[in-house]
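In: Could you work out the structure for the sequence below:
(one chain, ligands or ions: 1)
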Amino acid sequence: MKPTLQRLFLCAAICASPAAFAIPTLVQDVRLFDGKATHAHRSVLFDRGLIVDADFKGAAPAGSRVVNGAGRTLLPGLIDAHTHAFRAQELPVLFGVTTQIDMFSDVAMMQKAKQEMAQGGNHAHADLFSAGTLVTVPHGHGTQFGLAIPTITGPEQAQSFVDARIAEGSDFIKIVMESGYGFPSLDLATAKAVIEAAHRRGKLAVVHIGNEKDARAVLEAGADGLVHLFPGTSADAGGLAALARSKNAFVIPTFTVLESMAGWRGDDLLANPAFASLLDKDGQAPLKARFANTAQPDRLLAPKAVAKAMLDAGAPLLAGTDAGNPGTQYGASMHRELAALVDAGLTPAQALAAATSVPAQVFKLGRRGRIEKGYKADLLLVDGDPTADIRATRRIVEVWKDGASANGLRDAQRQQVAKTVEQGGKALALPRDGRISEFSTQQLASPFGMGWGPSTDSFVGGKSSVVLAAGPALADGQVPLAIAAKVAPGLPFAWAGVAFMPGKAPMQATDLSAAKVVRFRARGDGKTYQLIAMSEGVRIPAAKSFAATPEWTEVSIPFSALKGLDPTAVTMLGFNAGPQPGDYRFEIADVRLLAE
Ligand SMILES: [Zn+2]
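Out: Numbering: from 1, shown residues only. Prediction:
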């Protein structure tokens, strides 16, 4: 065949990328979980990105690579049915997640990912199917992440809104019904109109709900699936499951993020050296974070009961992590989600199906999620038998994406992480006296970092305001900072105050582990204030209250009292008024970070 110009270009693109190097591969004498059923002894041949034979007999074809499968299990690459794939696109494949179903992220990112998939050679990244922009009301849940997104206000806009999402490339429509956290929520009539508008275009309409009442309402309204379950201690699990079954609806429980919301972790993925070795400090930070600072494992009782009832009723359950949120990490968290599904009552094989064939079928993802002739060669080889012990999925031997081994990517990542560990561990050396407040009437200086500045809820849409004023000096020469705050009603977590950023750039993480205590002096109007602290990967700050009485008082708050804070990756300390609306006035002086 004459090589056309187009062919040469294609070869140049594929051959230039070492990750794309794919040869016929035979995984021999392996236990096979094909997405639905387990076969004790099989050999699987794949080539050019596709499964050639899922039950290969005979001698290995000439020129093929043979992988010993003895004592091992071959699975379809995992499908995470609930992620927000706006960053760390390199991670999923390293952990065996070869497809992500994205429930809201940046439209430009989605379009770029789709382009990569269409061009082929997308071996280093998981394939992406995405809702694109979610459907929410102005200031509703989904608008708080700093991404300017279109919103909807009534049923009459439903069809044009849905059509605009489809035009942008949305594979399905994701609706937010969230009345918690003080956000305004979409009303049921609009949600129903959006569901119908999506169905008119042949698209699935899935819904984020935060409670049982909304779950029932959207299922009644025709939603195809719930993309979360809700935290709680009890629920009418049987009733909800029967309703889902009667409506042919599926559920993605997202135990990983529910555990984060319950401030409780089923297990620690970072305790597994094979996982920790693939994640640098930034990569580990989200797994150390969580939404809630106090453990309330009882809040997992309702979602566990509902998941079990769904299973018993025959409603499809899908494995999804909600990666992108505190307490989760792309790829890695799928292995926790699988174990959580088993904890909730699924057999290991049912959990594996929930992460492979079931999402592929429910979301109509084409020929993936199964190991059958003609299906994509997205594969995960693990040691042991995950159909008996689900935690065997963590013993990853090799991952293939579109038939290309991810061994090179995994090795490179491990080397990169090892290098940063060698260089790392350098806690910032604190000033001798620990003082970080170098206030004068001219400026709010600091010995390191971005330093001091006003901080209010305005950047998440709040209306609070603050005025900072330094001076005059106290008897010991220290210049205090007066903070006059107006906390506006509207947000449940409204605040206004002053923030100290230790990094060279805004919210850059800094290792402050040389300090154990924040000590400062405070006085004020007698109200209660909050010292807050944030570390990388955390969206809900750790907080400890202090009183500002009319007399100067010394306040010492150990880092250990700031639950959930990672002292090795601090992004911000804040001294805040709120959340109750009102006028506040307090002063701080002589702020120190001490090793004590
Ligand atoms: Zn989500």
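
In: Nearest residue to residue 367 in space, please, no chain neighbours.
Out: residue 375 (4.5 Å; Cβ to Cβ, 6 or more residues apart in numbering). From N, CA and C alone the C-beta is placed, and that goes for glycine too.

In: separation between the closest residue to residue 593 other than its chain neighbours and residue 418?
Out: With Cβ to Cβ, 6+ apart as the criterion, residue 593 has its nearest non-adjacent residue at 3.7 Å, and that residue is residue 515. Distance, residue 515 to residue 418, using Cβ to Cβ, to the nearest Å: 28 Å.

In: Compare these two (neighbour count), which wins?
Out: residue 515 (23 against 12; other Cβ atoms under 10 Å).

In: What is the burial count for the residue of the stretch 1-150 of the chain found nearest the ion?
Out: Here the stretch 1-150 of the chain gets closest to the ion at one residue, residue 103, 4.6 Å apart by Cβ to the ion. Residue 103: 27 surrounding residues under other Cβ under 10 Å.

In: who's in contact with it?
Out: Residue 103 sits next to 82, 83, 84, 130, 131, 134, 174, 206, 208, 227, 320, 322 when contact means Cβ atoms under 8 Å, 6 or more residues apart in numbering.

In: Bridged to the fourth one, which residues?
Out: When bridges are taken as DSSP bridges, the partners of residue 130 come out as residue 102.

In: so it touches residue 169, yeah?
Out: Yes: counting by Cβ atoms under 8 Å, residue 130 touches residue 169, with 7.4 Å between them.

In: okay, and the common contacts of these two?
Out: By Cβ under 8 Å, 6+ apart, the residues touching both residue 130 and residue 169 are 110, 114.

In: so what's residue 352 up against?
Out: Applying Cβ under 8 Å, 6+ apart, the residues contacting residue 352 are 33, 35, 75, 338, 386, 387, 390, 393.

In: Kindly recompute the last result at 7 Å.
Out: Going by Cβ atoms under 7 Å, 6 or more residues apart in numbering, residue 352 touches 33, 75, 386, 387.

In: number of nearby residues for the closest residue to residue 37 other than its chain neighbours?
Out: Leaving aside its sequence neighbours, residue 37 sits nearest to residue 349 (Cβ to Cβ, 6+ apart; 7.9 Å). The local packing of residue 349 (other Cβ under 10 Å) involves 17 other residues.

In: Residue 71 now?
Out: Neighbours of residue 71 (other Cβ under 10 Å): 12.

In: Same check on residue 595?
Out: If we define neighbours as other Cβ under 10 Å, then residue 595 has 10 of them.

In: if we can go back for a sec, which of the contacts of residue 103 fall in strands?
Out: Taking DSSP state E, the ones among the contacts of residue 103 that sit in strands are 82, 83, 130, 174, 206, 208.

In: Spell out which parts of this protein neighbour the ion.
Out: When proximity is defined by Cβ under 5 Å from the ion, the chain lies next to the ion at 103, 322.

In: List the buried residues for the biggest helix by length in the chain?
Out: Using DSSP state H, we find that the single longest helix of the chain is helix 407-423. By neighbour count with 16 or more other Cβ atoms under 10 Å, helix 407-423 contains the buried residues 409, 410, 413, 417.

In: Now do it: everything it contacts.
Out: Taking Cβ under 7 Å, 6+ apart as the rule, helix 407-423 contacts 18, 19, 93, 94, 124, 277, 278, 279, 280, 281, 398.

In: Which SSE is immediately downstream of it?
Out: strand 438-439 (DSSP states H and E).

In: Now the terminal residues of stretch 54-65, how far apart.
Out: Using Cα to Cα, to the nearest Å, the gap from the first to the last residue of stretch 54-65 comes to 16 Å.

In: in which helix or strand would I find residue 52?
Out: Counting by DSSP H and E, residue 52 is part of strand 50-53.

In: which secondary structure elements does the helix or strand just after that strand contact?
Out: Using DSSP H and E, the next helix or strand after strand 50-53 towards the C-terminus is strand 65-68. Applying 3 or more Cβ pairs under 7 Å, 6 or more residues apart in numbering; DSSP states H and E, we find strand 65-68 packed against strand 25-33.
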